[in-house]
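Visitor: Dropping a prediction and its sequence here:
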Amino acid sequence: MPKKIKNFRDLGGIPAADGKHIRSGMLFRSGHLARIKPKTADRMRDKMGLRAVVDLRSPSELAEHPDVVADGVDYCHLPPLNDEQNPSINKKNRRPILYRIMALDGGARGYLSDTYRTMVATTPPLEAFAELIHLLLEEDNGAVLWHCTQGKDRTGIASAAVLLALGVDRDEIMRDYMRTNRSCRIKNWLIYLGVTLVTLSIHTASSLNLLLTSQRDYLRAAFDEMDNLYGGTEGFLHDGLGLTNDDIGDLRRIYLE
């Protein structure tokens, strides 16, 4: 695993359609790539076969921490959420955003559940995820990595969309989604402890922790919205993302074995 990339993992090996599995070394998800060195980016291109990076972050996040991407690797910025909708907390606005979220009905848990519903129900995120899948159909001779800031929320829904198109069942998608908590366990615990000591408020620290961790309720909210709006997975793929049967068949031919 490349050092200094949070929440990095290969989706290879996950069970998918027709008793097949996702090919290893082709589909990767992670947090941002801003803290890696150029030589690491070069190794990702040369050793991993990385051909494209899809950045799902909002414009302010990208400006604060630009990705380090090797020459010859396609870079595509596809933000599903704008700066106003963005669930990540940036250096300049983390405190007011956190307190605003805490004041909402349902607090941080309700806020992120609503955000996940938005990402499967509204046009800009659906277009971003559809474009990601079409990029996967074009980049069929190498690895593709997509990411947001932590690799949890926007990356989680992007990954769910790709995995659903590959015929992965929802329980497997949930298992992959929840792996984020293992990847970020120590860092999130330190943040929780630090915020508790600084603010003297367990409520504030717990609210931030709900923003930083994967919660089953969040992804379930997205799945429920898919069912309510599209009648299930097939409707989401065809009517939400605009994928054709040929698109889905080609995607499975390329990425399953």
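Guide: Sure, I can see it.
Visitor: burial count for residue 71?
Guide: 8 (other Cβ atoms under 10 Å). For glycine as for every other residue, the C-beta is placed from the backbone atoms N, C-alpha and C.
Visitor: where does it land on pLDDT?
Guide: Residue 71 is assigned a predicted lDDT (pLDDT) of 97.
Visitor: Other residues contacting stretch 8-17?
Guide: Outside of stretch 8-17, the residues within contact range by Cβ atoms under 8 Å, 6 or more residues apart in numbering are 1-2, 21-31, 151, 159, 162-163, 166-169, 172, 176, 179, 183, 252, 256.
Visitor: Enumerate every residue touching residue 167.
Guide: Listed by Cβ under 8 Å, 6+ apart, the contact set of residue 167 reads 16-18, 20, 252, 256.
Visitor: just the buried members of the residues you listed?
Guide: 16-17, 252, 256 (16 or more other Cβ atoms under 10 Å).
Visitor: which residues of the stretch 101-250 of the chain score low on pLDDT?
Guide: The stretch 101-250 of the chain contains residues with pLDDT under 70 at 101-105, 183-209.
Visitor: Strands of that one, residue ranges please.
Guide: Using DSSP state E, counting those that start in this stretch, the strands of the stretch 101-250 of the chain run over residues 143-147.
Visitor: All the helices of it, residue numbers only.
Guide: Applying DSSP state H, counting those that start in this stretch to the stretch 101-250 of the chain gives helices spanning 107-121, 123-138, 154-165, 170-183, 185-199, 202-212, 216-230, 233-235, 245-255.
Visitor: quick one, phi/psi of residue 84?
Guide: phi -70, psi -30 (degrees, to the nearest 10).
Visitor: And the pLDDT at it?
Guide: 77.
Visitor: what about the closest residue to residue 61 other than its chain neighbours, neighbour count?
Guide: Using Cβ to Cβ, 6 or more residues apart in numbering and skipping the chain neighbours, the partner closest in space to residue 61 is residue 149 (5.6 Å). Using other Cβ under 10 Å, residue 149 is surrounded by 26 other residues.
Visitor: List the buried residues for stretch 166-185?
Guide: Buried, per 16+ other Cβ under 10 Å, within stretch 166-185: 166-168, 170, 173-174, 176-177, 180, 183-184.
Visitor: Skipping adjacent residues, who's closest to the most centrally placed residue in the chain in space?
Guide: For the chain, the residue sitting closest to the mean C-alpha position, by Cα atoms, centre = their mean, is residue 155 at 0.6 Å. Among residues not flanking residue 155 along the chain, residue 148 sits closest, at 4.7 Å (Cβ to Cβ, 6+ apart).
Visitor: Test my guess that the residue nearest to residue 61 contacts residue 31.
Guide: Yes: with contact defined as Cβ atoms under 8 Å, residue 149 counts as touching residue 31 (6.2 Å).
Visitor: Can you tell me which of the helices of the stretch 101-250 of the chain is packed in deepest?
Guide: helix 154-165 (a mean of 25; mean count of other Cβ atoms under 10 Å).
Visitor: CA atoms only for that one, dumped as CSV, please.
Guide: Output of helix 154-165 as CSV, limited to C-alpha atoms (Å, rounded to 0.1, in the frame of the first residue of the first chain):
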residue,chain,number,x,y,z
ARG,A,154,-18.4,10.4,-1.8
THR,A,155,-15.9,7.6,-2.4
GLY,A,156,-18.3,5.2,-0.6
ILE,A,157,-21.2,6.1,-2.8
ALA,A,158,-19.0,6.1,-6.0
SER,A,159,-17.8,2.6,-5.0
ALA,A,160,-21.3,1.4,-4.3
ALA,A,161,-22.4,2.5,-7.7
VAL,A,162,-19.5,0.7,-9.4
LEU,A,163,-19.9,-2.4,-7.3
LEU,A,164,-23.7,-2.5,-8.0
ALA,A,165,-23.0,-2.3,-11.7
